[in-house]
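S.K.: Sequence first, predicted coordinates after that:
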Amino acid sequence: MSLQDELTAVQLCLDDLVRTVGRLERSLAQLREAATAPAPIGPAGHAAPVDGVITITEAPYDTTLWTDSDDEGLGVPGRHAP
């Protein structure tokens, strides 16, 4: 391969790199716009639910969920530290 052929190959690679970086910058700008866009408002005046999002209610938790669980750093009720 001659020097001119190598320089042409490098120039083509650089042009491809510039195009790829440009596409990435446009994609990043679109992602940033989407992240700052307000949530769509549903008919009840609340934000529309998003797939995979779980709404947590203000109701108290069922205490049976925590039966036989350890309190972080406190141990299990009824047991004493050694």
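M.R.: Sure thing, it's come through.

S.K.: Low-confidence bits of this protein, can you list those?
M.R.: 37-50, 68-82 (pLDDT under 70).

S.K.: just the helices in it please.
M.R.: In the chain, the helices defined using DSSP state H lie at 3-36.

S.K.: Extract the C-alpha trace of stretch 28-35 and format it as PDB.
M.R.: Provided in PDB are the C-alpha atoms of stretch 28-35 (Å, rounded to 0.1, in the frame of the first residue of the first chain):
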ATOM      1  CA  LEU A  28     -27.800  12.400  23.300                       C
ATOM      2  CA  ALA A  29     -29.600  15.700  22.700                       C
ATOM      3  CA  GLN A  30     -32.800  13.800  22.000                       C
ATOM      4  CA  LEU A  31     -32.500  11.800  25.200                       C
ATOM      5  CA  ARG A  32     -31.900  15.000  27.200                       C
ATOM      6  CA  GLU A  33     -35.000  16.600  25.600                       C
ATOM      7  CA  ALA A  34     -37.000  13.500  26.400                       C
ATOM      8  CA  ALA A  35     -35.800  13.500  30.000                       C
END
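
S.K.: Going forward, count from 430.
M.R.: From this message on, residue numbering opens at 430, which makes the last subject stretch 457-464.

S.K.: Need the residues that contact stretch 431-447.
M.R.: residue 430 (CB atoms under 8 Å, 6 or more residues apart in numbering). Quick note: C-beta positions are derived from backbone N, CA and C, even for glycine.

S.K.: Now it: buried residues?
M.R.: Within stretch 431-447, no residue is scored as buried using 16 or more other CB atoms under 10 Å.

S.K.: can I get the CA coordinates of that stretch in CSV?
M.R.: Output in CSV follows, covering the C-alpha atoms of stretch 431-447 (Å, rounded to 0.1, in the frame of the first residue of the first chain):
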residue,chain,number,x,y,z
SER,A,431,1.4,3.4,-0.9
LEU,A,432,1.5,6.3,1.4
GLN,A,433,-1.3,8.1,-0.5
ASP,A,434,-3.5,5.0,-0.2
GLU,A,435,-2.9,4.9,3.5
LEU,A,436,-3.7,8.6,3.9
THR,A,437,-6.9,8.1,2.0
ALA,A,438,-7.9,5.2,4.2
VAL,A,439,-7.2,7.2,7.3
GLN,A,440,-9.2,10.1,5.9
LEU,A,441,-12.1,7.8,5.3
CYS,A,442,-11.9,6.4,8.8
LEU,A,443,-11.8,10.0,10.2
ASP,A,444,-14.8,11.0,8.2
ASP,A,445,-16.7,7.9,9.4
LEU,A,446,-15.7,8.8,13.0
VAL,A,447,-17.0,12.4,12.6
